[in-house]
Every structure is written in structure tokens, then in C-alpha cells.
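1. could you work out the structure for the sequence below:
(chains A and B)
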Protein chains: 2
Amino acid sequence: MLSTTERTRLGRARDRAGTDRADLYSILDAGLICHLGVVRPDGAPMVVPTGYGRIDDTLYLHGSTGALSLRAGGEVCVTVTHLDGIVLARSAFHHSMNYRSAMIYGAPRKVTDPEEHLAALRAITEHLAPGQWDVVRTPTRKELAATLVVALPLTESSVKTRTGPPVDDEADYALPLWAGVLPLTTTFGPPIPDPRLTSPTEPPAHITTRARTP
Amino acid sequence: MLSTTERTRLGRARDRAGTDRADLYSILDAGLICHLGVVRPDGAPMVVPTGYGRIDDTLYLHGSTGALSLRAGGEVCVTVTHLDGIVLARSAFHHSMNYRSAMIYGAPRKVTDPEEHLAALRAITEHLAPGQWDVVRTPTRKELAATLVVALPLTESSVKTRTGPPVDDEADYALPLWAGVLPLTTTFGPPIPDPRLTSPTEPPAHITTRARTP
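-> Numbering: from 1, shown residues only, chains lettered A, B, ... in the order given. Next up, the predicted model:
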């Protein structure tokens, strides 16, 4: 069960709240990018898309040591959203979206332990490109020094989803209108080789398999 | 050209900055949801996925009059991101993503003029579901009163994109590894009829056409 705090207790649409930790993991693991929200030194919010990785109950984010979004310190909010469909109702008011989203609040900890730093970078790379870490050149000491990694515990998290057909006002069901859901799917296309590729010219199985399964 | 302010001048990866207003419109118009960042009353950032609409140089967001994300007031950051591909490099360090993203800063204005309020709701609905506004039941006075709309000028905006193959360290090109891009596409599937559908049972052309063209 996800613990509820003042921030993660949903103010609106409580029926869309999920409380199962498995739901949280599933939304995070199926995502490729998150939107990281921080408060800038001038007090304004900033939202940046970025990759991430998960090890158990910790989310890892990385960036250049100069990246404002990770340097800012203090509280952050990380949101991962999957848009699953457009809900076409009989009234404009009840148009909606089917989605799964996860939101995590917390103050990230800078990762300084070399082992955790490397494990986190592996998790982030493997999240984006499963199977690559073990075949590509791993980071040099210089690359590691240039990469800031922060850890965010999944303690304060919430999940929100909407599924299924439109929910119209009872009177509107009599309207002679088509209604339903236009589903959205994200899929991988065939791999595009780097023009500077020499050998091998065919991508390995861990890439081609993924291209067939979204 | 997009004007540059201290916030929209990219600190990192300046070569990924776009300055053309057409790029901004194109990224916004091709998106379905944005991630809205606000600062909560307790000072922490909050990032929520939400729909939007655009009329000329104004972005409109809507929500329940009780929604904390729109009630908060003050500065916001709206980010729209399209993930176009996973960049598979020869080193872990140079793994990346191809994407197009737009970021808008500003303090939204609450829309109070009834004509602008309706025009904004139309733009938001038509953005999500083009062609629907003219066929579905339009909002009642009560529904309009329950819907808060805010306007955000596109004055302070930035665009960031990455395209093309991986950029590896020169020495790594000699490694016997496949490298390239795994493209990502989002497509609409066949419309799923509402189980309570009576007549018509076939979706209209403005929906079926969309289902064929992502």
C-alpha cells in the first residue's frame, strides 16, 4: 500500500487513486521519461523531461553536474504519465483521457558512494536501453565525475489512473452521437543504423526484440 | 523568433535550442498533454499532466475550480515533450533520446470574460478531440461555472530538440558494436465504442480519419 500524506491524498477525483505499490512500480517501469519539477532559485517552478531508473524503492535521476534541475536542491516532484486513450463523450464537458500516472514527492539525496553511483547509472541506462550496459563501453572515471546522480525514495508517492468508456450525464445517453475511446499506443519502429556503423551491421537480439514489442 | 530571457536561455546543450516560433507551435499543436509545474502553498513543486489548447500566442489550461494546480496562482512552467527515439551509442555515457520539447514560463491569468472562456474551452476540446465541439452537447451554464480556465501567454518560451544518430567519442567508433536509433511512434488504434452506444454505431469520419493517421 502507498502511504498517504497531505500532498499525495488526492484532492480531486479520489476514485482515480491507486494505492497499490505494484501499480506504482508498473507505471514507473513502463515509462521512458519523467517530468521533473523543481523550484528555481528565483522561486518559479521548472519542469524538465528526463530519464530515470529504479532500484527497489529508490528512483535515480542523472544529469550533468551543471544541470540546474538537479543542482537546485530541496523538494522535487517527479511525474510519469502514460496516455492510453482519448475519451470521446456525448458532451464537451465529459471529454477526458485514459491515462496512468505516478507522482513522487521528496528531497533527493546526492549519490556520493561510488558503488551506488555506478549501480544507479546502470539502472538508468538499462531502463532506457535494456541489455546495453553489458555490451557497450562503461563509463570512464572522467565521465563518472561529470555525471551527477540523485536518489529519490519512493516513500511519498501517488498513482492516478482513468480507464474505460466515457461517463456521460444520464440524459445525454439519448443523444444520437457516437461515443467511446480512441486508444493510443506507443511502439518502437525498426532500428535505424548509425551512418558511421561499420560492423556488426545488424542490431543484436535485445534491440530487435524490443522493436517488435512496444 | 522566440525571445530569450534568463530562464529560457538554455544553460546546457545550447546546440539543442530552437528559436523559431513555428517550432514552438508545431510542438504544442502535435502534443496531447502538457506537464504543468506549480509551486504549492508549502513551497514544494507539483507537476501534473493536463490537457491544453492554443489560440494564437496564448495557451489555455482548464480544470475544476477546486484544482490546486490552477488555484495556486503565481508562476507556472508548462512543458510539452515528444519522445521520438532512443539513441543507442557505443558507450553508456552517450546513450540519449531524440525528442522535441517546449517549455513555457509565466503567471497565468484567470479567464473571466465569458466569450474568451467559451473560446478557450472549445480550443482545449478541439485540441484533444478535433471535430467534436461542433457535434457534441456544448457546456451548460452550470458546467461553465464549474470549469476554471487560465491563459498563459507564449511570450517566455523555449524549444529544445535532439535528432539524429548517436554522437560517440571518436575512439569508440572502432568498437565492434551496433549503434543507431530505436524510433518511437505514438499511434491511434481503432475506436472502441462505448458499451452504452445506441445509434450511430459507427464513428464519424473526423474520428476514423484520425485513427488512421497518428
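2. and A:Leu28, helix, strand or coil?
-> helix (DSSP: H, G, I helix; E, B strand; the rest coil).
3. now tell me which helix or strand of chain A has the poorest mean pLDDT.
-> One helix or strand of chain A scores below all others by mean pLDDT, DSSP states H and E: strand A:17-18, with a mean of 54.
4. and the nearest residue to A:Ser199 once chain neighbours are set aside, what does it touch?
-> Leaving aside its sequence neighbours, A:Ser199 sits nearest to B:Pro176 (Cβ to Cβ, 6 or more residues apart in numbering or on different chains; 5.7 Å). Placement of C-beta: from N, CA and C, glycine included. Counting by Cβ atoms under 8 Å, 6 or more residues apart in numbering or on different chains, B:Pro176 touches A:198-200.
5. and B:Pro176, that's in a strand?
-> No: read with three-state DSSP, B:Pro176 is coil and lies in no strand.
6. how far away is it from A:Val136?
-> Computed as Cβ to Cβ, to the nearest Å, the B:Pro176 to A:Val136 distance reads 11 Å.
7. one more: A:Pro165?
-> 45 Å.
8. same drill for these two, tell me which one is more crowded.
-> A:Val136 (24 against 19; other Cβ atoms under 10 Å in any protein chain shown).
9. and the more buried one, what does it touch?
-> B:89-92, B:95, B:175, B:177.
10. with A:Val167 instead?
-> A:Val167 makes contacts with A:89, A:94, as judged by Cβ under 8 Å, 6+ apart.
11. let's see 7 Å
-> Listed by Cβ atoms under 7 Å, 6 or more residues apart in numbering or on different chains, the contact partners of A:Val167 are A:His94.
12. name the SS class of it, please.
-> coil.
13. which strands or helices does the longest strand along chain A pack on?
-> Counting residues, the longest strand found in chain A (DSSP state E) is strand A:76-88. In terms of contacts (3 or more Cβ pairs under 7 Å, 6 or more residues apart in numbering or on different chains; DSSP states H and E), strand A:76-88 is packed against helix A:21-30, strand A:34-39, strand A:96-106, strand A:180-188, strand B:45-50.
14. show me what that strand pairs with in its sheet, parallel or antiparallel.
-> strand A:34-39 (antiparallel), strand A:96-106 (antiparallel), strand A:180-188 (antiparallel) (DSSP bridges).
15. got a list of contacts for the second one?
-> In this structure, residues lying in contact with strand A:96-106 by Cβ under 7 Å, 6+ apart are A:7-8, A:24, A:27-28, A:59, A:75-87, A:89, A:152-163, A:166, A:181, B:44, B:49, B:51.
16. so how do I select the buried members of those in PyMOL?
-> To isolate the buried members of these in PyMOL, using 16 or more other Cβ atoms under 10 Å in any protein chain shown:
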select buried, (chain A and resi 7+8+24+27+28+59+75+76+77+78+79+80+81+82+83+84+85+86+87+89+152+154+156+157+158+159+160+161+162+166+181) or (chain B and resi 44+49+51)
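17. surely A:Tyr60 touches A:Leu148?
-> No: counting by Cβ atoms under 7 Å, A:Tyr60 does not reach A:Leu148; the two are 10.9 Å apart.
18. these two: which is more packed in?
-> Per other Cβ under 10 Å, whichever of A:Tyr60 and A:Leu148 has more neighbours is A:Tyr60, with 24 against 17.
19. ok, that one - contacts?
-> A:52-53, A:120, A:123-124, A:149, A:151.
20. now do 6 Å
-> Each residue near A:Tyr60 by Cβ atoms under 6 Å, 6 or more residues apart in numbering or on different chains is listed here: A:53, A:120, A:123-124, A:149, A:151.
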